[in-house]
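**Q** here are the coordinates; sequence isn't available:
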């Protein structure tokens, strides 16, 4: 980072098409303010999010990852988020175990009606990652500084 | 353990003749001391090749996948649990396998014995109760068996097969109660210490994938490390790729790993693979109350769910 005071966290957010993506949309159309640090990737279901996608994001130098799906019991595919919940419980615990800061990878539920909640979640996650600073674990050496170079161009 | 050897031979002697199985998988004496090797017996007269001692370390369940014969397997605790997992994952048919359950006293880690002798060539090894008698050119040494067990055997909680057709010998006593002590000790370190330790361990890895190849539960047609469409894992020597490989290899065995230690034995550079496997085993137990390979009925933890699953990790604003 050339000028650390200019550093802004980059967070990739995997949002399920049916709830959280619509929640984000609602936050937008309702003109609710939330940090611009997230890059949204729309997925069919939180159950579709392969842990590799999260790890690959970290490897490519994003500072944090967020996965959001429908609230338990409200999955468009009935049980996708229940399966996801088991997968993520293990993944989050494993990443913390190897020494990654726990706040780097987060999971939440946001329904299509919860634009306010969506904004608050992004607020919280962004602040937590901002406090932690740039990621130094898992980043591939060739990805270090890649983002900053792109931004400074 | 000559008595167990005899009992095993008696237990399987008639299986081939009576046409109950086509093949018996067990152990025979290896050509080197401290080694017993898997053997495959199709003829009645070869049954006397079977032996049982403290060097039968391989997990024989590895040989059951993608076989269409009827097979009798001489299974210790971890082999038996692995067979159960394979059956639950529809890789092995219950009716196809006769499990000959053998109580296990723990298997001896020959690499550590060789290290202890500083490279002196061992020409003869013999087990006498709790001791191992080693002979070589101009030396004789007696070592304690218990000290030189595999790490996975030292922490073993299921020395007897959980599912069997023909039991052999007296069930072995469980040697441990505090199953996850080693994980808890590691968790007590700071996150920086944990990262430093695991990074160092993983830095030894040469990505030969022997751990995956040796694992009896790694039977995927195409492993994530080999896949190029999509390419889940970079092929580079970047430490990040190696770390992700180890995490995901362990993750793919979450709730399936029976802690037989095949991965660690196969590793040519001695990566502490167990640290990750055991952690996932603990999480599966704590979060979903499941242990791999204990029963044929209980659904595998990642193929099912409960509406009341723990979700303390979910972030709420």
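**A** Ah, there it is. Note that the structure is predicted; figures quoted are calculated from it, not measured.
**Q** Please count neighbours and contacts with C-alpha atoms only from this point.
**A** Will do.
**Q** Surely residue B:133 is in a strand?
**A** Yes. Counting by DSSP: H, G, I helix; E, B strand; the rest coil, residue B:133 is part of a strand.
**Q** residues contacting it?
**A** Residues near residue B:133 by Cα atoms under 8 Å, 6 or more residues apart in numbering or on different chains: B:125-127, B:140-143.
**Q** Just the buried positions in the strand or helix carrying residue A:117, please.
**A** Using DSSP states H and E, residue A:117 sits in helix A:115-132. Buried positions in helix A:115-132, judged by neighbour count with 16 or more other Cα atoms under 10 Å in any protein chain shown: A:115-126, A:128-130.
**Q** Please list which of the residues you listed also come close to chain B.
**A** A:117, A:120-121, A:124 (Cα under 8 Å from any Cα of the partner chain).
**Q** Contact residues of the stretch 51-200 of chain B facing chain A?
**A** B:187, B:190-195, B:198.
**Q** Any chance of CSV for these, columns distance to residue A:73?
**A** Converted to CSV, those look like this (distance: Cα to Cα, whole Å):
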residue, distance to residue A:73
B:187, 33
B:190, 37
B:191, 35
B:192, 38
B:193, 39
B:194, 37
B:195, 36
B:198, 38
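**Q** Out of these, grab the one that's most surrounded.
**A** residue B:198 (21 neighbours; other Cα atoms under 10 Å in any protein chain shown).
**Q** how near is it to residue B:191?
**A** As for residue B:198, its distance to residue B:191 is 11 Å (criterion: Cα to Cα, to the nearest Å).
**Q** again, but for residue B:84
**A** Taken as Cα to Cα, the span from residue B:84 to residue B:191 is 36 Å.
**Q** lowest average confidence, helix or strand, in chain A?
**A** None of the helices or strands of chain A scores lower by mean pLDDT, DSSP states H and E than helix A:146-152, at a mean of 68.
**Q** Residue A:129 reaches residue A:9, doesn't it?
**A** Yes. Using Cα atoms under 8 Å, residue A:129 is in contact with residue A:9, at 6.6 Å.
**Q** which neighbours do the two share?
**A** With Cα under 8 Å, 6+ apart as the test, residue A:129 and residue A:9 both reach A:63-64.
**Q** would you turn the contacts of residue B:133 into JSON lines with secondary structure?
**A** Shown next, in JSON lines, are the contacts of residue B:133 (three-state DSSP):
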{"residue": "B:125", "secondary structure": "strand"}
{"residue": "B:126", "secondary structure": "strand"}
{"residue": "B:127", "secondary structure": "strand"}
{"residue": "B:140", "secondary structure": "strand"}
{"residue": "B:141", "secondary structure": "strand"}
{"residue": "B:142", "secondary structure": "strand"}
{"residue": "B:143", "secondary structure": "strand"}
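**Q** Buried ones among these?
**A** Applying 16+ other Cα under 10 Å to the contacts of residue B:133 flags B:125, B:127 as buried.
**Q** Out of the contacts of residue B:133, which is nearest to chain A?
**A** residue B:143 (35.5 Å; Cα to the nearest Cα).
**Q** Please give me every residue in contact with whatever residue of chain B ends up closest to chain A.
**A** Residue of chain B nearest chain A, by Cα to the nearest Cα: residue B:191 (4.2 Å). Contact partners of residue B:191, counting by Cα under 8 Å, 6+ apart, are A:96-101.
**Q** now with 6 Å?
**A** residue A:99 (Cα atoms under 6 Å, 6 or more residues apart in numbering or on different chains).
**Q** Contacts for stretch B:212-224, please.
**A** Residues contacting stretch B:212-224 (Cα under 6 Å, 6+ apart): B:62, B:262-263.
**Q** among those, which are in strands?
**A** The members of the contacts of stretch B:212-224 all map outside strands under DSSP state E.
**Q** Next, the distance between the ends of stretch B:44-52.
**A** Start-to-end, stretch B:44-52 (Cα to Cα) is 18 Å.
**Q** So which residues on chain A come close to chain B?
**A** A:98-99, A:107-108, A:120-121, A:138, A:140 (Cα under 6 Å from any Cα of the partner chain).
**Q** Of the residues you listed, which is the nearest to residue B:100?
**A** residue A:98 (38.8 Å; Cα to Cα).
**Q** Can you give me the distance of that closest one to residue B:290?
**A** 22 Å.
**Q** Check residue B:75 too.
**A** Counting by Cα to Cα, the gap from residue B:75 to residue B:290 is 22 Å.
**Q** And those two? Which one has more around it.
**A** Ranked by neighbour count (other Cα under 10 Å), residue B:75 and residue B:290 place residue B:75 first, with 29 against 19.
**Q** okay, the more buried one: pLDDT?
**A** Looking at residue B:75, its pLDDT stands at 96.
**Q** neighbours of the closest residue to it other than its chain neighbours, just the number please.
**A** Spatially, and ignoring its direct neighbours in sequence, residue B:75 is nearest to residue B:101 (5.1 Å; Cα to Cα, 6 or more residues apart in numbering or on different chains). Neighbourhood size, residue B:101 [other Cα under 10 Å]: 25.
**Q** what does residue B:30 give?
**A** The burial count for residue B:30: 14, using other Cα under 10 Å.
**Q** mind checking pLDDT for it?
**A** pLDDT, read off for residue B:30, is 92.
**Q** Isn't it up against residue B:49?
**A** No. With contact defined as Cα atoms under 6 Å, residue B:30 does not reach residue B:49; the gap is 10.7 Å.
**Q** quick one: low-confidence parts of the chain?
**A** Let's take chain A. Applying pLDDT under 70 to chain A flags residues A:1-5, A:147-148, A:150-153.
**Q** Correction: the question concerned chain B.
**A** Those would be B:1, B:177, if you go by pLDDT under 70 across chain B.
**Q** Show me where it has its strands.
**A** B:23-29, B:36-41, B:50-51, B:71-75, B:97-101, B:122-128, B:131-136, B:139-144, B:166-167.
**Q** ranking the ones you listed by burial, who's on top?
**A** strand B:71-75 (a mean of 27; mean count of other Cα atoms under 10 Å in any protein chain shown).
**Q** Can you tell me the centre-most residue of the chain?
**A** Chain wasn't specified; assuming chain A. residue A:66 (1.9 Å; Cα atoms, centre = their mean).
**Q** that's the wrong chain, I meant chain B
**A** Taking Cα atoms, centre = their mean, the centroid of chain B lies closest to residue B:260, which sits 1.7 Å from it.
**Q** what's near enough to touch it?
**A** Here residue B:260 is in contact with residue B:78 (Cα under 6 Å, 6+ apart).
**Q** and if you look at the one 3 residues further on?
**A** Residue B:263 makes contacts with B:211, B:214-215, as judged by Cα under 6 Å, 6+ apart.
**Q** make it 8 Å
**A** Each residue near residue B:263 by Cα under 8 Å, 6+ apart is listed here: B:210-212, B:214-215, B:273.
**Q** Please tabulate those in CSV, including the columns neighbour count.
**A** CSV is the format used below for the contacts of residue B:263 (neighbours: other Cα atoms under 10 Å in any protein chain shown):
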residue, neighbour count
B:210, 16
B:211, 22
B:212, 20
B:214, 20
B:215, 21
B:273, 20
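**Q** Which two among these are spaced furthest apart?
**A** B:214 and B:273, at 12.8 Å, using Cα to Cα across these.
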